[in-house]
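# I would like to see how this sequence folds:
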Amino acid sequence: MLPDEQTPVDRGHLIPHLSGGEFGPNTFRQDRALNRGWSEEGKRYRAMEREAAERPGSFYFGHLLYSDDSAWPYEIETGVVRGDLLVVDRFVNRTTP
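Below you'll find the model as predicted:
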């Protein structure tokens, strides 16, 4: 858990660590259950990360969405290309907007 937090959070990687994502500006405050794949949303989130990591050079993006002036994204939007199709999903990263 990050210091001074009431909610269990991790330092998540916008570009997945599985795909070579490093620390520094690539990290953000991420809900622990989402980041570790413990929740139903987390399972889908991790599946997209694994899919991108298993296909080096494939297109993958992460987009942090904020609902206020804090540094804690409310949602995370990710996308991966499957054949000719761009598949995009959005994941809730905190319970209060």
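
# touching the one helix or strand residue 78 maps to from outside, list them.
Secondary structure from DSSP states H and E places residue 78 in strand 75-82. Defining contact as Cβ atoms under 8 Å, 6 or more residues apart in numbering, one finds that strand 75-82 is touched by 12, 30, 34, 45, 48-49, 51-52, 58-65, 67, 86-93. Backbone N, C-alpha and C define where each C-beta goes, glycine included.

# take the residues you listed and keep only those in strands.
Using DSSP state E, the members of the contacts of strand 75-82 that fall in strands are 12, 30, 60-65, 86-92.

# tell me which two in these are the farthest apart.
Using Cβ to Cβ, these span at most 22.9 Å, a distance reached by 30 and 86.

# neighbour count winner among these two?
More crowded of residue 30 and residue 86, by other Cβ atoms under 10 Å: residue 30, with 25 against 11.

# tell me what the more buried one is bridged to.
residue 10 (DSSP bridges).
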